[in-house]
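>>> this one's structure only:
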């Protein structure tokens, strides 16, 4: 059984705590969320999802930070049910348009999608349904960038459900390398790739960062897309820049507005130039040139 960290409080305390802890744990690469749970009483909740082996350390550090922050929050450990929440939530989601793409579940497979590129995603336990602002924004930017930019070597780093890799393969009709640190994500990605009939184009690999022979074999890349957290994007900037071809594009998403300056600085140090910033539902997509 996995666990997570949880607290309830006022909107002021929860938001203050969430924003502070995002900065404290930015390099650790785990999710932090906050949300309203009782509108009438004004109760909000804060959740942290570190790796199980890091839970005790993160719990102690977070409690210390909250004590110094002077907020009235009791951060406790809770059990995380082994439920496939992404698939469960997909049952009630309608198809969503993102640029030239329409992302849909199997329950919407019979919709008329003429004039668009359909991508069917059954997300399983991997991240990426197309309904989240980070994924939808990234798909929109891909749709726009590839009207004039024609990459030959393409990488989806941290592919999750493979929604971006599938969109790229359908749009370009050429090889796309898709990697993820999580074997479960790769298994989900395999299923989605078969469903969308792009298995001849998408090559998958389980890879932590750039530690896999596939990067030397297939790189440097003319286009790299990465829809992951700000901390890993910053720490991987040197390697990501190294694996980008001269004049290549880098599309980064999964970023909040307050993280923009730090991510841009990390890539500027590698000689990577920012071309534009796009916002989608409070999340940012950054487009760089190598």
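Received the coordinates, thanks. On a predicted model such as this, the values are computed, not experimentally measured, just so you know. Numbering: from 1, shown residues only.
>>> residue 277 against residue 285, yeah?
Yes. Residue 277 lies in contact with residue 285 (CB atoms under 8 Å); the separation is 7.2 Å. For every residue, glycine as well, the C-beta is placed using N, CA and C.
>>> more neighbours: which of the two?
residue 285 (25 against 13; other CB atoms under 10 Å).
>>> so who does the more buried one touch?
134, 137, 138, 140, 141, 251, 252, 253, 255, 277, 278, 279 (CB atoms under 8 Å, 6 or more residues apart in numbering).
>>> tell me which element it is part of?
If you go by DSSP states H and E, residue 285 is part of strand 283-289.
>>> can you check residue 249 too?
Going by DSSP H and E, residue 249 is in strand 244-255.
>>> need the residues that contact the following helix or strand past that strand.
On the C-terminal side of strand 244-255, the closest following helix or strand by DSSP H and E is helix 260-268. When contacts are defined by CB under 8 Å, 6+ apart, helix 260-268 is touched by residues 230, 233-234, 237, 240-241, 250, 252, 255, 274, 277, 284, 286, 288.
>>> buried ones only from these, please, as a ChimeraX command.
To isolate the buried members of the contacts of helix 260-268 in ChimeraX, using 16 or more other CB atoms under 10 Å:
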select :230,233,234,237,240,241,250,252,255,284,286,288
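>>> distance to residue 177 and pLDDT added to the contacts of helix 260-268, as a markdown table?
Converted to a markdown table, the contacts of helix 260-268 look like this (distance: CB to CB, whole Å; pLDDT from 0 to 100):
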| residue | distance to residue 177 | pLDDT |
| --- | --- | --- |
| 230 | 23 | 88 |
| 233 | 18 | 94 |
| 234 | 22 | 94 |
| 237 | 19 | 97 |
| 240 | 14 | 97 |
| 241 | 17 | 97 |
| 250 | 14 | 98 |
| 252 | 17 | 97 |
| 255 | 22 | 88 |
| 274 | 24 | 98 |
| 277 | 26 | 96 |
| 284 | 24 | 92 |
| 286 | 21 | 97 |
| 288 | 19 | 98 |
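>>> of the contacts of residue 285 - the most surrounded one?
Counting by other CB under 10 Å, top hit in these: residue 138 with 30 neighbours.
>>> and the closest residue to it other than its chain neighbours, how far is that from residue 79?
In space, and not counting its chain neighbours, residue 138 is closest to residue 253: 4.2 Å by CB to CB, 6 or more residues apart in numbering. As for residue 253, its distance to residue 79 is 31 Å (criterion: CB to CB, to the nearest Å).
>>> same check, this time on residue 116
Distance from residue 116 to residue 79, counting by CB to CB: 41 Å.
>>> of these two, who's got more company?
Neighbour count, other CB under 10 Å: between residue 116 and residue 79, residue 116 has more, with 17 against 9.
>>> now for the more buried one: which residues touch it?
97, 100, 101, 102.
>>> quick check: the first one is in a strand.
Yes. Using DSSP: H, G, I helix; E, B strand; the rest coil, the secondary structure at residue 97 is a strand.
>>> still on that earlier bit, top of the contacts of residue 116 by neighbour count?
residue 101 (25 neighbours).
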